[in-house]
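Undergrad: Sequence and predicted model, in that order:
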Amino acid sequence: MDTLQHLMTGVTAALSLQNLTFALIGCVLGTLIGVLPGLGPAAGTAILIPLTFKLDPTGALIMLSAIYYGAMYGGTITSVLINVPGEAASVVTCIDGYQMAKQGRGGTALGIAAIGSFVGGIFATIALVVVAPPLAQVALKFGPPEFFALMLVGLCLITGLGGRSLLAGLAMAVLGLLIAMIGIDPVRGAPRFTFGIPSLYDGLGFIPVVMGLFGVAEILLAIQQPHRQVIKTNLASLLPSREEWRRSVGAIGRGTGIGFFLGLIPGVGAIIPTFVAYVFEKRLSKNPERFGQGAIEGVAAPESANNAYANAAMIPLLTLGIPSSPTIAVLMGAFIINGLTPGPFLFQERPDLVWAVIASFFLGNILLLVLNLPLVGLWARILHLPYSYVCTGTLTFCVIGAYSLQQNVFDIYVMIACGVIGYGMRRIDMPIAPLVLGLILGPFLEKSLRTSLEMSAGDFSIFFTRPLCLVLLVLAAVVLVASALRLPPRELREASSN
Amino acid sequence: MPKLTKCLSVAAIVLAALTGTATAQQDFPNKPIQLMVAYPPGGSTDIAARVVASIAEKALGQPIVIVNRGGAGGQIGWTELARQRPDGYYIGFINLPATNTVILDPERRAIFTEKDFTPIINQVLDPGVIWVRADSPYKTVQDLIDAAKKSPGTIRTATTGILSDDHLAILMTEEAAPGAKFRIVHLDGGATQFKEIMGGNVDVAFDNVGSIVKRVQSGEVRALAVLDDVRSKFMPDVPTSKEAGYPTVISNSTRGIAGPKGMPAPLVAKLQSVLKKAMEDPEHVKKLDDQGIAIKIMIGDEYEKYFAETHAKAKKYTEWAKNRPM
C-alpha cells in the first residue's frame, strides 16, 4: 500500500506542467537521436546532459530518462525506412521491418513497433514498481563488502558478455578503472595521476569522457557510412489489419517477457533481448519461412523486447546502483552530477524523486506512442537531412555542452581526446562498454573495498566470511571462467559485440 | 572651442580612471557577488549558505550567487577561493577544521595555506556528537570507552571522512581515555553513516548534531554525548562530554565566510555588517533552527583568533593521525 501511495505522489509530481514538459522535450529529443543514424542512446544521452544542467534534479532526470527510452524507440524508424538501425538494438528490426516497407507496409511496421514498444514499456514499468521497493529493502542490508562483490559481478558480466574476447574486455575494464583513479584519493585525500594540473584534482569528468567516447566517436564513424536511400512507403495506414493483430499479440507478450527478464541482468546489453525475442518467435512460428520476408511478428517481438528491456534495466540501477549497459551508466553519471547516488539508499532518502522519475516512465511511454503514431511522417522526413549538417551541428553542440558543464575549456579537450580514442578503439574492435562501466563504478568499487578493509582492520577474510559476499564473489568468478571457456552461445556474443 | 572640449573630456576620463579604484570600493557591490560552497548542492553547508545569501542580497542590493565547487573534500573549492582577486566579488565558505586539515596534511599537497584567506564572518558552529543504533549495548560514553579499553581496536567507529572534525574527535577521545582504541572506518558523510550503522556494518558513529538531530529526536538512533561543554538546545537530554568526565573532548565543525587574502578593510567591514544583520534575521534563525544547526556569529578578532586556535589544535591531531597505526 505504501508503494501505491508513493507512486501516486510520484504521478502527481510527474504530471506537473513543468515535469510533463521536460518529459515531452526528452521524448522528442530522444526520438530525434534515435532517428539520426549513427547516434545511439548512449551518445544521445551523454551529449544532452549539459542541456539539463540548470534544471532541478527531478526535472533533469525525468528529461534524461525520456531521452534514453525515446532513443531506444526512435531507432526503429530508420531500421524500417532505410534498413540502417538508428541504434544498435534495432538491428533485428531491419530484417522484417525493411521488407515490410519495401512491400508498402512501412506504416504498419512502424505502427506495430510503436504499439509493441508501448506495451513492453508499460508492462516493464509496472513490474519495476512491484519489484523495486522490496529489492531495495534487501539491498539496504548490504554492507560495503557485499556492494564490492556486487559491483564486481556487474563488471564481470559486462566484460564477459561483451566484446570479441575476454582479454579485450578485461583490458578495457581495467583501463576504465585506472582512468577512474585520476584525482584526489577518495579516502586519504592524496592527489593521484594529476601531474599538478588543478583541473585533474577532481578527476576526469565522466560526462566529457562519455560525450567523447560515444558522441564524438560515433559522429566520426558515421561520417564514413555511405548515404542510404530513404524508401518511399505508405505511411498512411499505421494500424495493422485484423490478421496482423492476431499474429502480433502473442509476439508482443513474449517479447515483453523476454525483454523484461534480460533487462534485470547487468551486462546483457540492449541488443541481446531483441535478438532472443526474434529467434524465439521464428522457432515458435508454424511457418518460419515468412521471417525475413516481412513477417509482422519479426517487428513486434523485438520492438516490445527492446522497450521492456530499456525500462527493466532501470531496476538494477535504481535498487542496487549497478548500471547494466553503457547507456544506463551515462544515466547514472547524470544522477551523480545532480548530487544523487542511485542505489537502495536513494529510495529511502529521496522517495519523492525516485517515484516521480518512475511515474514519468508511464507518461513517457504514453507520450512516445502519441508522438510516434501520428507524427511518424515527420520523423521520416528528418532522414532527408543531409548528414553533413547533422554532423556539424551535433559536434558544435558537443563542444558547447562540454564547456557549459563547468565553464572549463579543459573539458572540451578531454571530450575531443576521448572522441578520437573512442573512434580508434572501435576501429580496432575493442569493446567500449567495459571501459565505461569501469569508469563509473571505479570510485564506488574502490571506496567499498577500502571501507571493507577498514572494517576488518586490513583482513581480507572479511570477503569470505560473510555468506552473501562469498556467494557474489563466486558468481563473479563463475562468470569470468564461463566466458573464458567461451560458454555463452556464439550468437549471444556476436550480437553483443556489434 | 572643439579643442577645449576634447581636452576637458580627456581630463575627465583620466580623472575618472584615477578615482576609479576608490569609487569601486565605495559603491561596492556594483555587480553580483559569488559565494562559493566547497560541497555539492543540498548539503548542510549549502542549505545554510542559501538561507543567508537570500537575506543578505536584499540589503546589499546585488544578487549573491551560490557557486558549488564540491569535490576532494572541499579542497577544490578552497583552492579556487584562495586564487581569486580580493575585490569582494568572490567570497566563500570555509569549514573549520576541515579547511585546516587539508592545509596541514602533506599528502594532500594543497596549494594554499591558512594565510591565503581573509576570515570575514562565522555563521555556524555545529558540535560533534557520538551516536549508536537504538539497540546498541552502549548506553553511555563510559560504556563505549570501557569496551574500547577491554578489546582495543575492535569497535568499528565511523567518521565522515579522513581528517574531518569527527576523525579528530575520535583521536581526542583516545587521548582522553588512555588504553582505549577504536577501529576507524572513514565513510563519506552522515547518510552513509546511518546506512552502515543500521546495517550493522559499523558500531558507533562520530558526526555533528545537525546531521543526526532528527533521527535522535525520532528515537531511531541514540546519541551518547554531545562533544561540547554545554548541552545542545536541539538535544537537551543528551549529556555533554564534559559531564561524562571527558572535558578535553570538545569538537565541532564551523562554517564561516572568508575571502582571498589581502581584502581591503572597508570591503570586509561592509560585508561583515550586511552578513551579520542577515544572520541575526528571524528568518535565518528560524530556518537554521529547523535544521538543528546552531548559529554562532564571530567576526573580526574573535573569528581570526578562533581560526588560529583551530589551526593549532588541528595541527596536533593531524600529525597524530598520520602517525597512528591502523
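TA: The structure has been received and is ready for your questions. The structure presented is a predicted model; accordingly, all values stated were derived computationally and were not measured.
Undergrad: near chain B, which residues of chain A show up?
TA: A:140-144, A:183-184, A:186-191, A:198, A:201-202, A:339, A:345, A:349, A:447, A:451, A:454-455, A:457-458 (Cβ under 8 Å from any Cβ of the partner chain). The C-beta positions use only the backbone N, C-alpha and C, and glycine is treated the same way.
Undergrad: just to confirm, which helix or strand has the residue in the stretch 351-498 of chain A positioned nearest to chain B in it?
TA: Nearest residue of the stretch 351-498 of chain A to chain B: A:E454, at 4.4 Å (Cβ to the nearest Cβ). Assessed by DSSP states H and E, A:E454 sits inside helix A:433-455.
Undergrad: Just checking: what are the partner strands of the lengthiest strand in chain B?
TA: Longest strand in chain B by number of residues (criterion: DSSP state E): strand B:117-133. Next to strand B:117-133 in the sheet, as set by DSSP bridges, lie strand B:204-208 (antiparallel), strand B:221-227 (antiparallel), strand B:252-260 (antiparallel), strand B:295-299 (antiparallel).
Undergrad: Please convert these to TSV, extending it with mean neighbour count.
TA: As requested, the strands paired with strand B:117-133 are exported to TSV (neighbours: other Cβ atoms under 10 Å in any protein chain shown):
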stretch	mean neighbour count
strand B:204-208	26
strand B:221-227	24
strand B:252-260	24
strand B:295-299	18
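Undergrad: okay, those in JSON lines with mean pLDDT next?
TA: Listed next are those as JSON lines, based on pLDDT from 0 to 100:
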{"stretch": "strand B:204-208", "mean pLDDT": "95"}
{"stretch": "strand B:221-227", "mean pLDDT": "96"}
{"stretch": "strand B:252-260", "mean pLDDT": "95"}
{"stretch": "strand B:295-299", "mean pLDDT": "95"}
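Undergrad: Quick one: closest of those strands to A:I366.
TA: Closest of the strands paired with strand B:117-133 to A:I366 is strand B:221-227, at 42.9 Å (criterion: Cβ to Cβ).
Undergrad: Give me the residues contacting that closest one.
TA: Contacts of strand B:221-227 with the rest of the structure, by Cβ atoms under 8 Å, 6 or more residues apart in numbering or on different chains, involve B:127-134, B:136, B:138-141, B:143-144, B:169, B:172, B:194, B:197, B:204, B:209, B:212, B:215-216, B:232, B:235, B:238-241, B:243-244, B:246, B:249-252.
Undergrad: Would you report which members of the residues you listed are assigned to helices?
TA: B:141, B:143-144, B:169, B:172, B:194, B:197, B:209, B:212, B:215-216 (DSSP state H).
Undergrad: Which members of these are classed as buried?
TA: Buried members of the ones in helices among the contacts of strand B:221-227, scored by 16 or more other Cβ atoms under 10 Å in any protein chain shown, are B:141, B:144, B:169, B:172, B:194, B:197, B:209, B:212, B:215-216.
Undergrad: Now residue 212. Nearest residue, chain neighbours left out?
TA: You didn't pick a chain, so chain A it is. Spatial nearest neighbour of A:G212, excluding adjacent residues (Cβ to Cβ, 6 or more residues apart in numbering or on different chains): A:C418 at 2.8 Å.
Undergrad: sorry, should have said chain B
TA: Per Cβ to Cβ, 6+ apart, closest to B:I212 is B:W131, 5.6 Å.
Undergrad: Contact partners for that neighbour?
TA: So B:W131 contacts B:197, B:204-205, B:207, B:212, B:216, B:221-224 (Cβ under 8 Å, 6+ apart).
Undergrad: quick revisit: between helix B:209-217 and the longest strand of chain B, find me the angle.
TA: 20 degrees (axes from the mean of the first three to the mean of the last three Cα atoms, to 10 degrees).
Undergrad: Angles on the backbone of A:G269, please.
TA: phi 80, psi 170 (degrees, to the nearest 10).
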